[in-house]
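Colleague: Could you look at this predicted model? Sequence included:
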Amino acid sequence: MSTTDPRTENFPLAAESREAIEAALREKRALTPTERVIASVEAYTPQEAAERTLANEMLADARPGVRAPLLINLGPNHPSTHGVLRLVVELDGEVVKEVTPVIGYLHTGIEKQCENKTWWQSVTLVTRMDYLAPFANIKAYTMSVEKLLEMEVPARAQWIRVLLAELNRIASHLVWLGTSGLELGAMSVFFYCYRERDELLDLFEMVSGERMNHRYFQVGGCAQDLPPGFIERLQAFIDEMPRRIDEYEALLTGNPIWKDRMKGVGVLPAEDLIALGVTGPTLRAAGVPHDLRKTSPYSGYEHFQFEVPTATEGDCYARYLVRVREMRESLRIIQQVIDGLPEGPTIADDRKVVLPPREELAWSMEALIHHFKLVSEGFKVPAGEAYAPIESPRGEMGCYVVSDGGPKPYRVHMRDPSFVNLQATAPLCRGTYLADLIAIVATIDPVMGGVDR
Amino acid sequence: MSDVSAQIEAASPGAVVAEFEHVGELTVEVQKERIVEACRALRDGPSQYVLLSDVTCADFPHEPGRFRLAYQLTSLATGARVRLRAWAGALDPEIESVTSVWPGANWMEREVYDQFGVRFSGHPDLCRILNPLDWEGHPLRRDYPIGGEEVQFSDAV
């Protein structure tokens, strides 16, 4: 809503600095710490920046041996910040004194848009939040709506959901491992990880028709059954994958450079992480075995044998080890799904919520009416509120929905683990080197689509 | 009265306004002045609700309290969950910040402030987080227009 100021027209960060000052002026209050950092990192114009630098230099000249802290702006478009994350770093020499994450560059107002769509249309929007874990997004959303509808999901649909959620966990961890390797200078891991990830995207495409942002889970179950040939291709992938993970580990786990960059870097005690709301592999690497699949099983996770990998060191290396072991555990779960997948329908038989089978529309007037009503008006959800938490690749992904009894959500809110975990950046980075900051942000694994929504 | 309400009442008598059990979820409504006491009682109480999963809000323009805040608390010991609820008030909505109990509430409350305009007293850094810093209005309020606002950043294409 900012009016264009000719002085800052081609300097977007300078414009933000001006916004911060003007927002505080308008509300007649002092700048908050974050606003002060944003306002001080960038001057209005290059001329002003030069003047400020000169003033700083004169200050340093006047007091020899004293150096003024250096404020560095990293991002919002930087190859090593996992997307459009902006970090304003205050440095003393090479040591990080303070980090202020600035977010919101990918904010698209999905929660607001959901309020203007019907319950079933909103599925399409929520998948786009955490773009590396689309199945986790829809799963949290559909589970919360099913809770309000008090709807039973058939066993086969539950198992397929588990299958895809675990495949998604592997795909997400592969992107994490590949990009983290890239950020820390281990280039080749990226290519290996993306090779396997591409196979996973092919599998997702077979199931849902889309490589990303799938709309495969529906309220009540899954859109379709698994396609013919899918299980065979999946089995081939599962058989091959442990060897591929061994390959990544051969490249990294014993690699002295990798260990030097990761070991002992970015440690916080578990109590501090909990107080910050951190969940997922970051918390488990600090010794807390909190995994919603075990502590409060949903969607049939209680039927599967698997371990929750933990570590005690709580450093970047522990987070790396936990994620790699999680991929192996996910493979175990997927094998159990393949072996025990129950027969039966893949979506609940509730004509007031679920679309009738396509072929029925040709001969059943009733099915046609239901189809028309569901598509044009949508289904109604009883008034109330529900919160459905699941274990996404990054931690607790929860969906809070409020219904007023109508066909559109009254409120949809996603508790995204990336958003909450990112708060730990500053306490984890204080007192470390600037290079360690890259490793720490990488191992927190924030996905900016989920942070900004 | 549930265990949770009893724990809050023991620490802060009269704080609990009502409690509901719906679709298997326990919701305890507390007076907004007592929210910090209630949170602290549950965090330090025997069921150890040490993890604040989420703070969020919903706007009900026709209710006297208008902004209904929801705090999702999780116990790491048992996996139990409870939702605390408080109404922030229609005019000049304000509630005490729980950042003194959980530092992780910082960004969650900033998001609620940004999107709903609910102020959190005692918050160390209450400014916008997702929208641009000089944004006018609070987009997730029900009376905020959809489609009426000008398209931002269209010149960047």
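Modeller: Cool, got the structure.

Colleague: what about the helix or strand encompassing residue A:323, distance to the chain center?
Modeller: In this structure, residue A:323 sits in helix A:316-340 according to DSSP states H and E. Average the C-alpha atoms of helix A:316-340, do the same for its chain, and the two points are 18 Å apart (C-alpha atoms, centre = their mean, to the nearest Å).

Colleague: Over it, what's the mean pLDDT, rounded is fine.
Modeller: Across helix A:316-340, pLDDT averages out at 93.

Colleague: Now the element after it, going C-ward?
Modeller: Past helix A:316-340, further along toward the C-terminus, the next helix or strand under DSSP H and E is helix A:365-376.

Colleague: after that next one, next one along is what?
Modeller: Downstream of helix A:365-376, the first helix or strand assigned by DSSP H and E is strand A:384-392.

Colleague: helix or strand for the residue most central in space within chain B, which one?
Modeller: The residue lying closest to the centre of chain B (C-alpha atoms, centre = their mean) is residue B:69, at 3.6 Å. Counting by DSSP H and E, the element that carries residue B:69 is strand B:67-74.

Colleague: What of residue A:207?
Modeller: helix A:187-208.

Colleague: Now do that helix: everything it contacts.
Modeller: Applying C-beta atoms under 8 Å, 6 or more residues apart in numbering or on different chains, the set of residues contacting helix A:187-208 from outside is A:164, A:167-168, A:170-171, A:174-175, A:177-179, A:181-182, A:210-212, A:214-216, A:223-224, A:226-227, A:229-230, A:233-234, A:237, A:241, A:244, A:247-248, A:251-252. C-beta here means a position set from N, CA and C on the backbone, and glycine is covered the same way.

Colleague: returning to what we had before: was I right about the residue nearest to the centre of chain B contacting residue B:83?
Modeller: No: with contact defined as C-beta atoms under 8 Å, residue B:69 and residue B:83 do not form a contacting pair (10.1 Å).

Colleague: hang on, the earlier thing: in the sheet, who's paired with the residue nearest to the centre of chain B?
Modeller: Beta-bridge pairing of residue B:69 under DSSP bridges involves residue B:57, residue B:86.

Colleague: The closest residue to residue A:227 other than its chain neighbours - how many residues pack around it?
Modeller: Nearest residue to residue A:227 in three dimensions, chain neighbours excluded: residue A:206, at 5.5 Å (C-beta to C-beta, 6 or more residues apart in numbering or on different chains). A count of nearby residues for residue A:206, using other C-beta atoms under 10 Å in any protein chain shown, gives 15.

Colleague: quick one: the residue in chain A positioned nearest to chain B and residue A:396, what's the gap?
Modeller: In chain A, the residue that lies nearest chain B is residue A:277 (3.2 Å; C-beta to the nearest C-beta). Distance of residue A:277 to residue A:396, given as C-beta to C-beta, to the nearest Å: 9 Å.

Colleague: circling back: just the buried residues from the contacts of helix A:187-208, in ChimeraX please.
Modeller: Selection of buried members from the contacts of helix A:187-208 for ChimeraX, criterion 16 or more other C-beta atoms under 10 Å in any protein chain shown:
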select /A:164,167,168,170,171,174,175,177,178,179,181,182,214,215,216,223,226,234,237,241,244,248,251,252
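
Colleague: The strand or helix carrying residue A:176 vs helix A:187-208, what angle?
Modeller: Element membership for residue A:176 (DSSP H and E) is helix A:155-183. Calculated by axes from the mean of the first three to the mean of the last three C-alpha atoms, to 10 degrees, helix A:155-183 forms an angle of 160 degrees with helix A:187-208.

Colleague: And helix A:155-183, how far out from the chain middle?
Modeller: 12 Å.

Colleague: again with stretch A:310-326
Modeller: With C-alpha atoms, centre = their mean, you get 18 Å for stretch A:310-326.

Colleague: Alpha carbons of it, in CSV - could you do that?
Modeller: Presented in CSV, the C-alpha positions along stretch A:310-326 are these (Å, rounded to 0.1, in the frame of the first residue of the first chain):
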residue,chain,number,x,y,z
THR,A,310,16.8,-39.4,18.0
ALA,A,311,20.2,-38.1,18.9
THR,A,312,21.5,-36.3,21.9
GLU,A,313,24.1,-33.8,20.6
GLY,A,314,21.5,-31.4,19.2
ASP,A,315,24.0,-30.0,16.7
CYS,A,316,23.7,-29.7,12.9
TYR,A,317,25.4,-33.1,12.5
ALA,A,318,22.8,-34.7,14.7
ARG,A,319,20.0,-33.2,12.7
TYR,A,320,21.6,-34.5,9.6
LEU,A,321,21.9,-38.0,11.0
VAL,A,322,18.3,-38.0,12.4
ARG,A,323,16.9,-37.0,9.0
VAL,A,324,18.9,-39.7,7.1
ARG,A,325,17.7,-42.3,9.6
GLU,A,326,14.1,-41.1,9.2
